[in-house]
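Trainee: got a predicted structure here, sequence first:
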Amino acid sequence: MIDLSQASRRPDTVVLTSIRAIDPAEQLDGTVDIVIEQGRITRVGEGAATPDLKASDEVLVVDGQGLWAMPAFVDLHVHFREPGHEYKEDIASGLAAAAAGGFSHVCPMPNTKPVNDTRGITEAMVARAREVGGPQLHPVGAATRGLRGEELTEMADLRDAGAVAVSDDGRCVVDSSLMRRALEYARTFELPVIQHAEDHGSTQGAQMHEGEVATRLGLRGWPRAAEDSIVARDLLLVETTGAPYHVAHVSTAGALRLLREAKARGLPVTAEVTPHHLMLSHEALQDYDPLYKVNPPLREPTDVEACRAALVDGTIDAIATDHAPHSSMEKDCEFVEAAPGLIGLELVVPVLLELVRDGTLPLARFVTALTAAPAKVIGIEPPSLRVGAPVELTVIDPAREHRVDAASLRSKSSNSPFVGCTHTGSVELTLLGRDIAYARPTDTPADGVAPRASRP
Ligand SMILES: [Zn+2]
């Protein structure tokens, strides 16, 4: 637990002593001291914390024993619902959730209301995020106007306003000729096209993955081929155009086989996977619980295994949450009526450290897939623990057992099957520049221990 009672929210100096620091891009994994002055990392190494650095109003000293420090995370895929559905989430609550999850950069998808398909909306989102402060917001602009899949957006305008990629996420660009032109056009502006790979013709009325569980439940199934066929087609278009292409929330073994082969041939393709597709299969839906309804659907255990293997071997570049907040109105209802999606920003560390602990996911891959790899996809400077770097740093307690409750979340929504469960591993501190963007409250009642007297 990190005691902030003495320090200001913007201390001049932060000292992390005897902390395990992990930054694969810097070939760093060892127990060191980290000294931060005026929002920059000035010293990293054994004995870097000199005895003159004592805790005070202006110096925050953190005893890092048992804790991990890593670059703060980059999420390529979030839904902040602003403009349009601020009752589910807005930019302020979304950024607060991001900081609490250890993130310093987030990319909101354009399926807002109205759709983010113009310079004006992109600019307004960026301006609102600056006003709020905390993690940086990099909007993903729409690839086609109104996400209608008919005509392309003015991508130069979107880029100039701050968009880092284009996508019709939530919808797939199904028309091949339009997708080819989207790739060609986006390439001119060095924007990757992010595809939500779903052949809508094959998924009409589909409620979950097409398989034995869907048959048992009598629900209309969503075939893997709806995802695989779009990825296969897109890879041919990437080969034709040479344009950078990114697959959102990949979920099938078949799509991964295609991506692996495309990468081996040097095509400029990247992919992301969500925590839920790494942790859950269609078996989870057997009680018709709408919390498990998600797009693309939870697949079979063999697909989960394929996603894990692809994340480890680098076929999947990045972990992205697809943070999709919904109110109880959209989730406390019949399965077929429920909106797909679940929240993820504040659950990445509690949920995914399980894969690190059991040896499935090397810690270095976990860090890279949340930092350098997604930063590269959108062309931003990756958060780093290098000396001289601006501070974008997350401190994790890998051993802390705690229950994640709706009340402890910064997000306005709590739609996730991982909420209400006990997890091991938590984000303790997120430092962004000179700001303490997040510090875990010392009196979290969800600790499973008697709450301490709350501070005034
Ligand atoms: Zn999507």
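Mentor: Sure thing, it's come through. Keep in mind the model is a prediction, meaning the values are calculated, not measured. Numbering: from 1, shown residues only.
Trainee: gap between the longest helix anywhere in the chain and the chain center?
Mentor: In the chain, with assignment by DSSP state H, the single longest helix is helix 225-241. The chain centre lies 24 Å from the centre of helix 225-241; the measure is C-alpha atoms, centre = their mean, to the nearest Å.
Trainee: report the buried residues of that helix.
Mentor: 226-235, 237-238, 241 (16 or more other C-beta atoms under 10 Å). Using the backbone N, CA and C atoms, a C-beta is placed for each residue, glycine as well.
Trainee: show me the contact partners of it.
Mentor: Residues from elsewhere that reach helix 225-241, judged by C-beta atoms under 8 Å, 6 or more residues apart in numbering: 172, 174, 176, 179-180, 183-184, 187, 195, 197-199, 202-203, 206, 245, 247, 250-252, 254-255, 258-259, 262, 267-269, 296.
Trainee: ok, and the closest non-adjacent residue to residue 336?
Mentor: Spatial nearest neighbour of residue 336, excluding adjacent residues (C-beta to C-beta, 6 or more residues apart in numbering): residue 207 at 5.9 Å.
Trainee: ok, the one you found to the ion distance?
Mentor: Relative to the ion, residue 207 is positioned 16 Å away (C-beta to the ion, to the nearest Å).
Trainee: again, but for residue 166
Mentor: With distances taken as C-beta to the ion, residue 166 is found 14 Å from the ion.
Trainee: please apply the same query to residue 27.
Mentor: According to C-beta to the ion, residue 27 and the ion sit 35 Å apart.
Trainee: any idea how far that residue is from residue 94?
Mentor: 33 Å (C-beta to C-beta, to the nearest Å).
Trainee: who has more neighbours, those two?
Mentor: Of the pair residue 27 and residue 94, residue 94 is the one with more neighbours under other C-beta atoms under 10 Å, namely 30 against 8.
Trainee: let me know the pLDDT of the residue nearest to residue 267 when sequence neighbours are not counted.
Mentor: The spatially closest residue to residue 267, leaving aside those adjacent along the chain, is residue 238, at 5.2 Å (C-beta to C-beta, 6+ apart). Residue 238 is assigned a pLDDT of 98 by the prediction.
Trainee: same thing with residue 442?
Mentor: Looking at residue 442, its pLDDT is 79.
Trainee: what residues does the stretch 201-350 of the chain have near the ion?
Mentor: Neighbours of the ion within the stretch 201-350 of the chain, by C-beta under 5 Å from the ion: residue 248.
Trainee: ok and the residue in the stretch 201-350 of the chain nearest the ion?
Mentor: Nearest to the ion, among the residues of the stretch 201-350 of the chain, is residue 248, at 4.9 Å (C-beta to the ion).
Trainee: surely that residue meets residue 198?
Mentor: No - when contacts are counted by C-beta atoms under 8 Å, residue 248 is not listed as touching residue 198 (9.8 Å).
Trainee: and the two? which has more neighbours close in?
Mentor: For residue 248 and residue 198, the more surrounded residue by other C-beta under 10 Å is residue 248, and the numbers stand at 25 against 21.
Trainee: now residue 385: closest residue in space, sequence neighbours ignored.
Mentor: Excluding the flanking residues, the one nearest residue 385 by C-beta to C-beta, 6+ apart is residue 23, at 4.0 Å.
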